[in-house]
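Give me the fold of what follows.
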Amino acid sequence: MVSRGLQQKGRSGLDSAVAAVVASLKSGAKSPADYKIGFEHEQLVVDQDNFTVPFAGEKGITSILEQLSPRYDQRITADPHDPSSPLIGLTRPDTAITLEPGAQLEFSSQPFWQVSELTTLWNNYQAELQPILDSFGYRALDVGYQPRTLVADIVLLPKQRYEMMNQHFKGTGERGINMMRGTASTQVAIDYDSEADALVKMRVAAALTPLFSLLTDNTPLFEGAPVEGYLKRTAIWNDVDAERSMIVPGLFSPGYGFADYARHVLTAPIILYDVDGVAQAAGNKAAIDCYDTSALTPHDIDHILSMFFFDVRLRNYVEIRCADSVPESYALAYVALLKGLFYDPQNLADLDKLCQHFTNDSVPKIKAALIQDGYDANVSDFYGESVQNALFDLLARAQRSLLARCPEEAAYLQVFEPLVAAKTTLAQQQVSL
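Prediction:
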């Protein structure tokens, strides 16, 4: 006899699966009094000649993690069923250090409200990391793409999940290999109080991602050569996988909601899925073809949501993923900027009005213009003003909000003002090299 669960598995169970994902997303709603900010920041570890340090070996990234490990409570190994497999991450209550596919170091903080809390956590981590790097003669670069090593020479971490992703991306675009092995980003997560609030924040964040990307553009080199134009990391992501990167399909369509997001992540190819904690290649199958859709667990749903890498994506929060890895002062300023924009009801309402005329083609068009022309791109049809004035407006809005509620945090924004005034980027100044 075929069980009810197996009968529900597949596309006939789409409605129940959508309902489960929607319920999970709604469970992320918080009272504004309980809002926090999430932060992840990736760095590229290089030697004295700016070549990427490999994962393995006595002087590899895994050795750095081993020296950090006494300060952390939990070790994460490449094979979760084999504690003797290579170390790829460390966690403690306030901080997690994990590795991206090309051995990029990723720092994740516990959720916080005051930017000063993040400053303390970051400084503590750097104080632990820096002496270890010094002993090897290494540096940790805050930059959007590795500076010298050819991506073909970067070996993936020995993790089955990454090899499956690597194989999948070979059939979806030209730059999956570059994204996985060579890029580094700064990501910020913000809370929402309802489905409607989440969708406003997603639309506004998506509409502004080209501006955020330019403000944090920090990729001066690609495969060892100077980058021509702007937003190289954005251009890389544009050619990875249209099903799961760039803008959420349909986000600016009238009436778009959680159910639409759930339907997309459930019916687009999922890359891989878990069976009792073991990764399985999905081929071209969707989540509803791989899971018992009548009994999706929280773990299942979290995994499904994690398999999509939009510039702005939903989990139990809104994650804004468009910024390059940038030096500490700029990363803190970026957090302050997003706090001042998205946690201020008037700013959010005003910015939502700004993008009411956006269609699903608007953001790709703006991105293309900024990749080509940077500050000189013509975006007046979208933002109603020049790139420079639009960025000054965002900084001014955030500053007003922070001065009213968190006055000491308004000062963080000052590092962006010279860049915008000079119509230049971190990449053009090569501040991180």
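
residue ranges for the strands of the stretch 151-300 of the chain, please.
185-190, 221-222, 225-226, 245-246, 272-275, 278-281 (DSSP state E, counting those that start in this stretch).

okay if I get those strands as a markdown table plus distance to residue 91?
Backbone N, C-alpha and C define where each C-beta goes, glycine included. Formatted as a markdown table, those follow (distance: least, CB to CB, whole Å):
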| stretch | distance to residue 91 |
| --- | --- |
| strand 185-190 | 17 |
| strand 221-222 | 32 |
| strand 225-226 | 37 |
| strand 245-246 | 27 |
| strand 272-275 | 20 |
| strand 278-281 | 20 |
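
Verify the stated contact: residue 296 with residue 22.
No. In this structure residue 296 lies outside contact range of residue 22 using CB atoms under 8 Å: 11.3 Å.

which of the two has more neighbours?
Higher neighbour count among residue 296 and residue 22: residue 296, with 23 against 18, using other CB atoms under 10 Å.

host element of residue 89?
Assigned by DSSP states H and E, residue 89 falls within strand 87-92.

Following the chain past that strand, name the next helix or strand.
Following strand 87-92 in sequence, per DSSP H and E, is strand 95-99.

quick one, that next one and strand 87-92 angle?
170 degrees (axes from the mean of the first three to the mean of the last three CA atoms, to 10 degrees).

Next secondary structure after strand 95-99?
Counting by DSSP H and E, the element after strand 95-99 in chain order, helix or strand, is strand 105-109.

Which neighbouring elements make contact with that following strand?
Secondary-structure packing of strand 105-109 (3 or more CB pairs under 8 Å, 6 or more residues apart in numbering; DSSP states H and E): strand 37-46, strand 95-99, helix 115-136.

Taking the centroid of the protein, which residue is nearest it?
Centrality entry for the chain: nearest residue to the mean C-alpha point is residue 321, 3.1 Å, by CA atoms, centre = their mean.

And what about that one, helix, strand or coil?
Secondary structure state of residue 321, per DSSP: H, G, I helix; E, B strand; the rest coil, is strand.

Dig out what the closest residue to it other than its chain neighbours forms beta bridges with.
The shortest distance from residue 321 to any non-neighbouring residue, by CB to CB, 6 or more residues apart in numbering, is to residue 187 (4.9 Å). Residue 187 has these beta-bridge partners by DSSP bridges: residue 40.

what sits against residue 187?
Shown in contact with residue 187 (CB atoms under 8 Å, 6 or more residues apart in numbering): 38, 39, 40, 41, 319, 320, 321, 323.

And these, which of them are buried?
38, 39, 40, 41, 319, 320, 321, 323 (16 or more other CB atoms under 10 Å).

And those residues, which is closest to residue 353?
Checking these against residue 353 with CB to CB, the nearest one is residue 320 at 19.7 Å.

Which residues does the closest one form beta bridges with?
Bridge pairing for residue 320 - DSSP bridges - gives residue 188, residue 312.

Report the separation between it and residue 98.
Going from residue 320 to residue 98 by CB to CB, to the nearest Å gives 19 Å.

before we move on, what about residue 248?
25 Å.

So for these two, which sits in the more crowded spot?
A count of neighbours by other CB under 10 Å puts residue 248 above the other of residue 248 and residue 98, at 23 against 17.

ok, for that one, nearest residue in space, not its chain neighbours?
residue 310 (5.0 Å).

Show the model's pLDDT score for that neighbour.
For residue 310, the model assigns a pLDDT of 97.

That one and residue 243 touch, don't they?
No. Using CB under 8 Å, residue 310 and residue 243 do not qualify as a contacting pair, with a distance of 10.2 Å.

Next, count neighbours for the closest residue to residue 298 other than its chain neighbours.
With sequence-adjacent residues excluded and distances taken as CB to CB, 6+ apart, residue 298 is closest to residue 24, at 6.7 Å. By other CB under 10 Å, the residues close to residue 24 number 21.

ditto for residue 131
Neighbour count of residue 131, defined by other CB under 10 Å: 9.

picking up where we left off before, so which of the helices and strands packed on strand 105-109 is the most packed in?
Among the helices and strands packed on strand 105-109, strand 37-46 has the highest mean neighbour count (mean count of other CB atoms under 10 Å), at a mean of 22.

Now the element after it, going C-ward?
As assigned by DSSP H and E, the chain's next helix or strand after strand 37-46 is helix 61-68.

which secondary structure elements does that next one contact?
strand 87-92, strand 95-99, helix 115-136.

The last one: what's the following helix or strand?
What that stands for is helix 115-136. Taking DSSP H and E, what comes next after helix 115-136 is strand 139-141.

what about that following strand, average pLDDT?
Here strand 139-141 scores 97 as its mean pLDDT.

For that strand, name the packing helices and strands.
Secondary-structure packing of strand 139-141 (3+ CB pairs under 8 Å, 6+ apart): strand 37-46, helix 115-136.
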